[in-house]
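In: Just need the structure, nothing else, for what follows:
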Amino acid sequence: MADAAFDFDLLAELTEEHGVPGYEDDVRELVERKFEGTVDRVRTDAMGNVVGTLEGESDFSVAVAAHMDEIGFMVKNVKGKDDGFGFVELDALGGWDARVLKAQRVRIHTEDGDLPGVIGSPPPHTQDEEEREKTPKVEDVAVDVGLPYDELEERVSPGDLVTIDQSTELVGETVTGKALDDRVCLFAMLEAARRIEDPAVTIHFCATVQEEVGLRGARALGVDVDPDLAIALDVTVANDVPGFDEGEYVTRLGEGAAIKLKDGSVITSPKVHRRLKAVAEENDVDHQFEILPAGGTDTAGFQLSAGAKPVGAISIPTRYLHTATETAHVDDVAATIDLLTAFLESEDGSYDYTL
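Out: Residues are numbered from 1 along each chain as shown. This next block holds a predicted model:
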């Protein structure tokens, strides 16, 4: 398909926005604006989590969570010589594979505005075999801003934030860009909130913070919101590319929304994922199952807060996670919106999720 069957412009706006863990301000403002006229009330807590609530007819409540933060960096040092160029050293915010950072463009977010920069990569002509085969480390990364050291030191300070500079594009049947993790799921949540009217149960749509550094926002909301049921939305691994055996795929692009059975942080409630499956089948929504061997999501954050909670999760299969070219299939995005909407519209508080 050439076009996305959803609001691609909003998805691009969300993914191209910048917001590392603990500094999700710009994304939060966008989410708050999009909630206006869609939900009954909106609140933001001291951590920066945003909760848009649709009031239902019963006391039963469901929390839906998608995180706003993206992996990025914080400036830890500006180095150089007084008569030469300056370079910026970074501290990682979230899980980076240093191999993908070479030759990337970045933006340094300073108090006086953004500065463009590049993470350089020495040419192979000047490297010996040992240097070419050396495993890179994030702490060895340096950003070249193209400014003399004395000017750079005046404009950039430790604590300034750094994000990958990348646009969001449609490529064939897929959408690719940075921060699909987890803005594509944040987008799906906003779309479901827009579609649902007069739910039977109260629904808290939660845009969470600091997921990439330990599910921190979801853990706090699990206490504050204290839902009867929690559904998390996140991307998941799709290794359906050359170099992987079929058993390593986890999910495949184009085969629908992924109903999570487990990841490295949670085993979802069987009654919840079985009902997600039933809803998908009843509504002819393409779906698949996710068994992720490692990694955690907000699902676990809600499961462990304020007592035991039934939890489930819907994931969007995504290739090349935690890189500047994360890639999802447009049909899987649409299927996730459809499944989440149908599930929430069918929830009336009468389903028994206890074991």
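In: could you dump stretch 137-151 to CSV, C-alpha only?
Out: Taking C-alpha atoms only, stretch 137-151 is exported to CSV below (Å, rounded to 0.1, in the frame of the first residue of the first chain):
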residue,chain,number,x,y,z
LYS,A,137,31.3,1.8,23.4
VAL,A,138,28.9,4.6,24.0
GLU,A,139,31.3,6.3,26.4
ASP,A,140,33.7,6.7,23.5
VAL,A,141,31.3,8.6,21.3
ALA,A,142,32.0,12.2,20.7
VAL,A,143,29.8,14.8,19.0
ASP,A,144,31.4,17.2,16.5
VAL,A,145,29.5,20.5,16.4
GLY,A,146,31.9,22.2,14.1
LEU,A,147,32.7,25.0,16.6
PRO,A,148,35.9,26.2,18.3
TYR,A,149,36.3,24.8,21.8
ASP,A,150,35.9,28.2,23.5
GLU,A,151,32.7,28.9,21.7
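In: Excluding its own residues, what touches that stretch? List them.
Out: Contacts of stretch 137-151 from elsewhere in the structure, counted by C-beta atoms under 8 Å, 6 or more residues apart in numbering, are 78-82, 84-92, 96, 98, 101, 106, 108, 115-120, 152, 155-156, 162. Where C-beta positions appear, they are placed from N, C-alpha and C, glycine not excepted.
In: residues of that stretch that come out buried?
Out: Along stretch 137-151, these residues count as buried under the neighbour rule (16 or more other C-beta atoms under 10 Å): 141-143, 145, 147-149.
In: Dump those residues to a markdown table, plus secondary structure and distance to Asp40.
Out: As requested, these are exported to a markdown table (DSSP: H, G, I helix; E, B strand; the rest coil; distance: C-beta to C-beta, whole Å):
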| residue | secondary structure | distance to Asp40 |
| --- | --- | --- |
| Val141 | coil | 45 |
| Ala142 | strand | 49 |
| Val143 | strand | 44 |
| Val145 | strand | 46 |
| Leu147 | strand | 49 |
| Pro148 | strand | 54 |
| Tyr149 | helix | 54 |
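In: and the two most separated of these?
Out: Val141 and Pro148 (20.7 Å; C-beta to C-beta).
In: residues in contact with Leu161?
Out: In this structure, Leu161 makes contact with 18, 20, 23, 72-75, 93, 108-109, judged by C-beta under 8 Å, 6+ apart.
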